[in-house]
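Undergrad: predicted model and sequence below, questions to follow.
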Amino acid sequence: FKPWAVCCPTSVEEVQRVVTLCSELRIPVVPRGAGTGLEGGALAVRGGVVVDVMNLRHFDLQSDDLVLTCGPGLFKLEVNKMLEERGL
């Protein structure tokens, strides 16, 4: 399955702009993370635009209440290492 286009946004705002435009034009959007899934969830079976989110790699840990917010471009092992470095 081949998408019509692939974009690699570097910010949440870029993702929002791409998804908004695709929605307005009724173009299918297929999000793609690290590609580690085995289910084929990132296949553009109806064409459309693949949005590769690997560049979204932010990591924000609020140590007072242990709430973690991170980007979809981080691998689980990377997140675990960063948590371990903080004693968690």
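TA: Structure received.

Undergrad: show me the residue sitting in the middle of this structure in space.
TA: residue 53 (3.3 Å; Cα atoms, centre = their mean).

Undergrad: isn't it up against residue 35?
TA: No: using Cβ atoms under 8 Å as the test, residue 53 is too far from residue 35 to be in contact (10.9 Å). All C-beta atoms are positioned from the backbone trio N, CA, C, and that covers glycine.

Undergrad: and the single longest helix found in the chain, what does it pack against?
TA: Across the chain, the longest stretch assigned as helix under DSSP state H is helix 12-24. Packing partners of helix 12-24 (3 or more Cβ pairs under 8 Å, 6 or more residues apart in numbering; DSSP states H and E): strand 29-32, strand 49-52.

Undergrad: for stretch 77-88, the averaged confidence score.
TA: Mean pLDDT, stretch 77-88: 91.

Undergrad: got a list of contacts for that stretch?
TA: Around stretch 77-88, the neighbours that count as contacts under Cβ atoms under 8 Å, 6 or more residues apart in numbering are 59, 61, 63, 66, 68, 70.

Undergrad: kindly present these as a markdown table, with separate columns for neighbour count, pLDDT and distance to residue 77.
TA: What follows is the contacts of stretch 77-88, written out as a markdown table (neighbours: other Cβ atoms under 10 Å; pLDDT from 0 to 100; distance: Cβ to Cβ, whole Å):
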| residue | neighbour count | pLDDT | distance to residue 77 |
| --- | --- | --- | --- |
| 59 | 13 | 91 | 13 |
| 61 | 16 | 90 | 16 |
| 63 | 10 | 83 | 21 |
| 66 | 9 | 89 | 20 |
| 68 | 13 | 92 | 15 |
| 70 | 17 | 89 | 13 |
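
Undergrad: send the alpha carbons of the one helix or strand residue 77 maps to over as CSV?
TA: For residue 77, the host element (DSSP states H and E) is helix 76-85. Extracted C-alpha coordinates of helix 76-85, given in CSV (Å, rounded to 0.1, in the frame of the first residue of the first chain):
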residue,chain,number,x,y,z
LYS,A,76,9.6,2.8,25.4
LEU,A,77,13.2,1.8,26.2
GLU,A,78,14.3,5.5,25.9
VAL,A,79,11.5,6.6,28.2
ASN,A,80,12.4,3.9,30.7
LYS,A,81,16.1,4.9,30.7
MET,A,82,15.2,8.6,31.3
LEU,A,83,12.9,7.6,34.2
GLU,A,84,15.7,5.3,35.6
GLU,A,85,18.2,8.2,35.4
